[in-house]
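# quick one: sequence and predicted model below, then my questions.
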Amino acid sequence: TIVIDDSIFKQWLKNMPRGNFYDKFFSGQTKRTQYGFKVQLIGVAIGDDFHPLYFQVVSKKGSSKKTALRLLQKVRRIFKELCKEHELTYPNLYLSVDSGFTDKKLISYCIKQGIGFIGVPKKNYLFTIDGEKLNLKKYTEREYHKQKQAQEEKYENLGKQSPPFYMRVRAYFNFLKIEVVVLLFQLKGSDKVTAIFCSKIETMAKTLRRRFFQRTKIELFFRFLKDTLKIQKSKSERYGDFIKKLSIYILKAVICLQFEKYCRKKVRAFRGWAYTKLRHHLIYQSIDLDELECLVKK
């Protein structure tokens, strides 16, 4: 599953110079505005692993959707070259994004390339379902809760625990003018109904939900860069210095996460340990640094 997302990296530059990229942005993570850079990252989630491939800094006046399309085209070219060089094929590809990337050109490119686009529709978007034009909020209030209650009553009469309820329906997306499959579901312990859609109408509910949540891996990767490796703590002299620092920190993050996976797999006592706990163990316990260096080189 290919995933794309933006994140704001808080940064102080020398004398706070304003340029095309350094600006004041609103951060969804901190819920306030801050000076820094808006970074868009694209990568591939395979199983439990996330592999970052490309990033680009986006200006405040720039378009995240156009940048996403360019990055996706680069990834697609890489896939084609690798498959041709090594005589490989790969299974169905999906692109999982949030509501900020619901764009006609991006979705059109995915359809042409055979990539299943999984996104989040905005509340005011209209869909035609069973010949009726309406938004998903209205459809959810009228149909979702009624069918969910019917399922729960059915299992209650059988004396069994009701499984998670998903509602999968085919619809015509009026904004995009394409046929899509829509999935409505609730997270465990949440009253909110989540709606997602996919351009591949044959995609089943469990596959769609699993593919969609692959995007959380890129959010965790951003958090690792910021909270664990503390990329925002050190200052940068200028824009070019930030690009170099971000490149190095992404490489560090990849190595650290692979090391975390290695420790969890090879050492029973380390199973479930986060990288932070492993790091403290290495610092305060007597570890042979030559062996550690050899492990990193391998």
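Received the coordinates, thanks.
# all helices for the protein, in order.
For the chain, helices defined by DSSP state H occupy the ranges 64-86, 104-112, 136-139, 145-157, 205-212, 216-223, 239-266, 275-284, 289-297.
# can I get those in JSON lines including mean neighbour count and mean pLDDT?
The way it works is simple: take the backbone N, C-alpha and C, and place the C-beta from them, glycine included. Listed next are the helices of the chain as JSON lines, based on neighbours: other CB atoms under 10 Å; pLDDT from 0 to 100:
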{"stretch": "helix 64-86", "mean neighbour count": "15", "mean pLDDT": "94"}
{"stretch": "helix 104-112", "mean neighbour count": "16", "mean pLDDT": "94"}
{"stretch": "helix 136-139", "mean neighbour count": "17", "mean pLDDT": "90"}
{"stretch": "helix 145-157", "mean neighbour count": "12", "mean pLDDT": "91"}
{"stretch": "helix 205-212", "mean neighbour count": "18", "mean pLDDT": "93"}
{"stretch": "helix 216-223", "mean neighbour count": "17", "mean pLDDT": "95"}
{"stretch": "helix 239-266", "mean neighbour count": "15", "mean pLDDT": "93"}
{"stretch": "helix 275-284", "mean neighbour count": "13", "mean pLDDT": "87"}
{"stretch": "helix 289-297", "mean neighbour count": "9", "mean pLDDT": "76"}
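# quick one: closest of those helices to residue 125.
For residue 125, the closest of these is helix 136-139, at 7.4 Å, according to CB to CB.
# which outside residues touch the closest one?
121, 123, 125, 127, 129, 182, 184, 195 (CB atoms under 8 Å, 6 or more residues apart in numbering).
# residue 184 against residue 140, yeah?
Yes: because the distance of 6.0 Å satisfies CB atoms under 8 Å, residue 184 is recorded as touching residue 140.
# who touches both of those two?
193, 195.
# neighbour count winner among the two?
Taking other CB atoms under 10 Å, residue 184 and residue 140 do not tie; residue 184 has more neighbours (22 against 15).
# and the gap between the residue nearest to the more buried one when sequence neighbours are not counted and residue 267?
Distances taken as CB to CB, 6 or more residues apart in numbering put residue 167 closest to residue 184, at 4.2 Å, once the chain neighbours are dropped. Residue 167 sits at a distance of 44 Å from residue 267 (criterion: CB to CB, to the nearest Å).
# and residue 224, how many neighbours?
22.
# partner strands of the strand ranked longest in the chain, parallel or antiparallel?
Counting by DSSP state E, the longest strand found in the chain is strand 32-46. Using DSSP bridges, the strands paired with strand 32-46 are strand 2-10 (antiparallel), strand 23-27 (antiparallel), strand 49-58 (antiparallel).
# ok, back up a step: among the helices of the chain, which comes closest to residue 9?
Comparing those by CB to CB, helix 239-266 comes nearest, at 7.3 Å.
# next up, phi/psi of residue 229, please.
Residue 229 adopts backbone torsions of phi -90, psi -10, taken as degrees, to the nearest 10.
# from residue 38, how far off is the nearest residue to residue 19 once chain neighbours are set aside?
Using CB to CB, 6+ apart and skipping residues adjacent in sequence, the residue nearest residue 19 is residue 239, 5.8 Å away. Here the criterion is CB to CB. By it, residue 239 lies 12 Å from residue 38.
# cool, and residue 84?
To residue 38, residue 84 is 34 Å away according to CB to CB.
# burial count for the nearest residue to residue 164 once chain neighbours are set aside?
Spatially, and ignoring its direct neighbours in sequence, residue 164 is nearest to residue 185 (7.1 Å; CB to CB, 6+ apart). Around residue 185 there are 20 other residues, counting by other CB under 10 Å.
# I figured residue 185 hits residue 193, correct?
Yes: between residue 185 and residue 193 there is a contact under CB under 8 Å: 7.2 Å.
# between residue 167 and residue 267, who's got more neighbours?
Shown here are residue 167 and residue 267; by other CB under 10 Å, residue 167 has more neighbours (20 against 11).
# residue 147 is in contact with that one, correct?
Yes: if you go by CB under 8 Å, residue 167 and residue 147 touch, sitting 6.1 Å apart.
# can you give me the pLDDT of the closest residue to residue 226 other than its chain neighbours?
Leaving aside its sequence neighbours, residue 226 sits nearest to residue 232 (CB to CB, 6+ apart; 5.7 Å). Per-residue pLDDT puts residue 232 at 89.
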